[in-house]
Structures are given as C-alpha cells and as structure tokens.
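1. test case, fold it:
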Amino acid sequence: LAGIPKLPGAVVSAGLPATGLGGQASVSGAPSAQNLGLHAAAQSAAQAAASLQAALPPQPAGGVNGSGEEALRLDFAFDGSKAPPTRRDDTVVDDYHGTKIADPYRWLEDDNSDETKAWVDAQNAVTNRYLSMIPERAQIAARLKELFNYERYSTPRRAGKWWFFEHNSGLQNQDVLYKAQTLSGAREILLDPNALSSGGTTAISDTSISYDGRYLAYAVSKAGSDWTIWRVRDVETGKDLPDELHWTKFTDANWTVDGQGFYYSRYPTPKPGDELKGINENMKVYYHKLGTEQYQDQLILERHDHPK
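-> Residues are numbered from 1 along each chain as shown. Model prediction:
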C-alpha cells in the first residue's frame, strides 16, 4: 500500500465533515432548527389528524361489507374480476434436488419486456381509477401540503473558509445546499438538486466536502434508484469538474487530508438490461484522484471470499 494517500487520524477534532453534511450531531446542548421544525410539524400533524377524523363522513353500517357509497368503493377495489388478467406460464418449473417448484409468473421478473410494461400500466389504471373515487383524497392532500410548508435549515458545518448548510423554503422537493463565508453574511447557492430535473425526480443522496473546503463531492440519484453517480464541484466557482464515478451504491466519499482525492466503493459494471434487477456482489474500495478517469482509480480492497 506504499504511496496510497492517508486518511486523517482525528476527523472529529478537526471540526470538519468527513463524509458530507448529513448524519452529524448538532451543537452540544442546542437543538437544531431542523429538529425544532420537525417537532412543530409533529404537533401540527396530531391536531390535523383529529380535525380530519371529525370531518370524514360516518362509516357505513356493516363496515366495509355494508351498504352505502363507501362499501361500493371498497367492493370495487377488492373485486378480482375488475383486475386485468395475468398470464400464467405453467411450463416454468424448477427442480431442486427432485422437488419441483412451479413459477408461472416468472415472466414478470423481466422489467424490460413489453408484456411486463403493459401489465404494470393496466394495474396502475385499476388502482388510479379506484383512488380517484375517494372524495377525502383532495382534503388530505391539501392538509399534508399545509403541514409540510414551513421553512427549515440544517445545522451549519465549516470547512476551510466556508460555512455550508441546507435550506428548504417549504415545498421544495429537495433541500438546497448553500455556502457562506460568515453565518450572518450573504449566502450563495452551491448546489440546487431541484434544478437537475424538471420533475424533481433527481435527488442528492450524499455529499462530502474536502477538509480545505475547496471541493464538494456529491452523489446523484435518478428516479429513486439506489445507483448513484458521484460528481465533484469546485466550491469557489460553483462549476463541476470532469470527474464522474459510476456504478456506486451505498457508499461515502472520504477525502484525503491533502484534498487531492477520496476513497469510495463501487460494484462491477452490470450487464445491459440487468442494471435494476441484477444481484450486486463484489463491491470494491477504490481511491479516486481528482482530474483522472474512473478506470484509472487505484484498487484498495477487494474480498473474493466475501462477495456479498
């Protein structure tokens, strides 16, 4: 391991984040603004639940099997004849040491096939048709929107000459990461996940700031996928470097003291079509040096005896 950059021996004493802004304790003895906001939201939610319960129409006689509009809606939802047909393939049978196990719906495991996509669309049509008949749905949605609409901040963190913190004005899909040279001074947007996609389906799953505050490494997740792409942003200019790290999942970016690179883990590149359904094994730890391609990353650790 000669020549491998070393990690710092005392991360906490330096007072700087090792793997990003998330999951770090607030100032001792002082509750964070985010925690105070969550407490207030919880109290409001309890009051809203009581108000909604009083506003809902009475339960029809006989419960879900009784008469009335509610019973009709529930009967529609649980009537199997209304569901789209699901093809059985009785030719699919596995033999486990003489025991035969049928798997007639294995074709649904192919999430890329046209037949599976058509089946999902048909199921969603039945579900949405039922949900659209619930009159209380709009009322509940309006109340939840009201509860979520409050300003909130994360606990500030310092690295180099910068303070970093996240802020949400109320109904933003993702928190916005800001930088500021003083806590009371002007703030600038460093990273706005809401601007990465028009529908708000792109999220920042993790962030990590170098110890000198020069660079921000951040992991981008699309459409709720666990797969992330790590990118690096110059904090001073707000511009991204060319660096991109693919096929990462459930990993941090741990910067070296000199800020020249970081450690991370990744999986082997999956086969085409298996990106969302293949088994993830043989995770390896690499060191990435800024300004280099991912294929040049230095392999640090792999365990063939523990692929999972």
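2. and the gap between F165 and V257?
-> From F165 across to V257, the span is 24 Å (CB to CB, to the nearest Å). Glycine gets a C-beta too; all of them are placed from N, C-alpha and C.
3. the two: who's more crowded?
-> Ranked by neighbour count (other CB atoms under 10 Å), F165 and V257 place F165 first, with 22 against 15.
4. against W163, how distant is L183?
-> 6 Å.
5. which one's more surrounded, these two?
-> A count of neighbours by other CB under 10 Å puts W163 above the other of L183 and W163, at 18 against 10.
6. show me what the helix or strand hosting that one is packed up against.
-> In this assignment (DSSP states H and E), W163 forms part of strand 162-168. Packed against strand 162-168 by the contact rule (3 or more CB pairs under 8 Å, 6 or more residues apart in numbering; DSSP states H and E) you find strand 152-153, strand 157-159, strand 176-180.
7. let me know the secondary structure of K145.
-> Secondary structure, DSSP: H, G, I helix; E, B strand; the rest coil: K145 is helix.
8. can you pull the phi/psi pair for N254?
-> Main-chain torsions, N254, degrees, to the nearest 10: phi -110, psi 110.
9. next one: R106
-> Dihedral angles (degrees, to the nearest 10) for R106: phi -60, psi -30.
10. tell me the spacing between it and L290.
-> Using CB to CB, R106 is found at 45 Å from L290.
11. and those two? Which one has more around it.
-> The residue with more neighbours, out of R106 and L290, is L290; 16 against 11, by other CB under 10 Å.
12. run through the residues that contact the more buried one.
-> Residues in contact with L290 (CB atoms under 8 Å, 6 or more residues apart in numbering) are Y215, V232, L241, D243, Q260, G261.
13. how many neighbours does the third one have?
-> Each residue near L241 was counted by other CB under 10 Å, and the total is 14.
14. and for the second one?
-> V232 is flanked by 22 other residues according to other CB under 10 Å.
15. am I right that it sits in a strand?
-> Yes: counting by three-state DSSP, one finds V232 located in a strand.
16. for it, give the beta-bridge partners.
-> As for beta bridges, V232 partners with A217 under DSSP bridges.
17. isn't it right next to A217, touching?
-> Yes: with contact defined as CB atoms under 8 Å, V232 reaches A217; the gap is 5.2 Å.
18. pull up the overlap in contacts between those two.
-> When contacts are counted by CB under 8 Å, 6+ apart, V232 and A217 have no shared neighbour.
19. which stretches in this protein count as helices?
-> Using DSSP state H, the helices of the chain run over 11-14, 33-55, 69-78, 114-131, 137-148.
20. the last one relative to helix 114-131, how many degrees between them?
-> So that's helix 137-148. Helix 137-148 and helix 114-131 are oriented at 90 degrees to each other (axes from the mean of the first three to the mean of the last three CA atoms, to 10 degrees).
21. residues of helix 137-148 that come out buried?
-> Buried residues in helix 137-148, counted by 16 or more other CB atoms under 10 Å: R143.
22. related to what we said a few turns ago, and which of the contacts of L290 is nearest G200?
-> Lowest distance from G200 to those (CB to CB) belongs to V232, with 23.3 Å.
23. can you pull the contacts of the closest one?
-> So V232 contacts Y215, L216, A217, Y218, D240, L241, D243, L290 (CB under 8 Å, 6+ apart).
24. now do it, the pLDDT please.
-> In this model, V232 is scored at 98, pLDDT.
25. how near is it to D121?
-> Using CB to CB, one gets 39 Å for the distance from V232 to D121.
26. do the same with P242
-> 39 Å.
27. could you do Y130 as well?
-> Plainly put, Y130 is 15 Å away from D121 if you go by CB to CB.
28. more neighbours, these two?
-> Each of Y130 and D121 has its neighbours counted (other CB under 10 Å); Y130 has more, 15 against 10.
29. report how many residues lie close to D89.
-> D89 has 13 nearby residues by other CB under 10 Å.
30. and the nearest residue to it once chain neighbours are set aside, what's its pLDDT?
-> Among residues not flanking D89 along the chain, P104 sits closest, at 5.2 Å (CB to CB, 6 or more residues apart in numbering). You'll see P104 listed with a pLDDT of 96.
31. do A203 as well
-> Looking at A203, its pLDDT reads 89.
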